[in-house]
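In: Sequence and predicted structure below; questions after.
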Amino acid sequence: MTIESSNKNIGVLYGLINAGAAIVFTVILYLCGAKTFVSPVAYIGRCIPLVICVLGGLQYRKQLGGYMEFSEALKITFQILVIGSLGATIFQFVLFNYIDVPFRQAVAQASIPSVERFLRWLGMPDEQIDKAVEETLNENNYTIGRLLMGFVLGCIGLFIVSLIVSVFIKRKRPPFENTFNQ
């Protein structure tokens with residue numbers, strides 16, 4: 001097995017682990033109800049991909065003998081995060097459009113107080129807030145188009161996370177490591 005295929009295997013493996021963890025976390029939130037689904041507890045799930053990304057990157061670095069260039073770290077960490085995010089996006093589409101459509105509506109209803117608070121914080125007039133609330137209740141935010149748009153825009157954030165993680169997990173080989181061993 002070459003290093004390149006090993007890279008793909010680690011990236012795909014940890015990406016699938018990431019997707020599985022995201023799906024399990026989503027199911028747990030789903031089972032707890034719509035209010036939990038939109039509560040601050042749901043943001044804990046943002047840490048899971050980060051942990052899996054770091055673990056996958058460190059595993060790959062270990063496979064490379066303990067050293068990894070920044071570019072290699074960036075490739076592996078971004079791959080892990082994108083595969084995980086894609087799996088989570090597909091699961092959300094299926095959950096909200098096929099498994100439990102009324103839950104999608106309950107989530108929209110549960111998110112109204114936070115939408116109103118945010119819009120008031122922005123200083124919007126009451127008429128615009130009422131219109132935004134009505135749109136939140138009537139629109140399906142989990143269509144394939146909206147989820148794919150969210151996924152694509154989310155990949156920008158994932159790339160930034162990958163950059164940061166890669167800075168910490170890369171390890172350059174010392175320049176004179178093998179000079180005196182020959």
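Out: Structure's in. What do you need? As the structure is a computational prediction, the values presented were derived from the model and not from experiment.
In: The helix or strand hosting residue 118: which residues count as buried?
Out: Counting by DSSP states H and E, the element that carries residue 118 is helix 101-121. For helix 101-121, a neighbour-count test (16 or more other Cβ atoms under 10 Å) marks 104, 106, 107, 108, 110, 111, 115, 116, 119 as buried. The way it works is simple: take the backbone N, C-alpha and C, and place the C-beta from them, glycine included.
In: so how far is the helix ranked longest in the chain from its chain's centroid?
Out: Longest helix of the chain, by residue count under DSSP state H: helix 3-32. How far helix 3-32 lies from its chain's middle: 10 Å, per Cα atoms, centre = their mean, to the nearest Å.
In: report the angle between the axes of that helix and helix 101-121?
Out: Per axes from the mean of the first three to the mean of the last three Cα atoms, to 10 degrees, the angle that helix 3-32 makes with helix 101-121 is 90 degrees.
In: other SSEs contacting helix 3-32?
Out: helix 34-37, helix 47-63, helix 70-94 (3 or more Cβ pairs under 8 Å, 6 or more residues apart in numbering; DSSP states H and E).
In: Would you mind listing where this protein has pLDDT under the threshold?
Out: For the chain, the stretches with pLDDT under 70 are 1-8, 177-182.
In: in what helix or strand does the closest residue in space to residue 78 that isn't next to it in sequence lie?
Out: Spatial nearest neighbour of residue 78, chain neighbours left out: residue 162 (4.0 Å); criterion: Cβ to Cβ, 6 or more residues apart in numbering. Assigned by DSSP H and E, residue 162 belongs to helix 144-169.
In: Could you check the angle that helix makes with helix 47-63?
Out: Inter-element angle recorded for helix 144-169 and helix 47-63: 50 degrees (by the same axes, to 10 degrees).
In: Could you pull out the buried residues of helix 144-169?
Out: 147, 151, 154, 155, 158, 161, 162, 165, 166, 169.
In: contacting residues around the residue nearest to the spatial centre of the chain?
Out: The centroid of the chain falls nearest to residue 85 when counting by Cα atoms, centre = their mean (4.5 Å). By Cβ atoms under 8 Å, 6 or more residues apart in numbering, the residues touching residue 85 are 18, 19, 22, 49, 151, 154, 155, 158.
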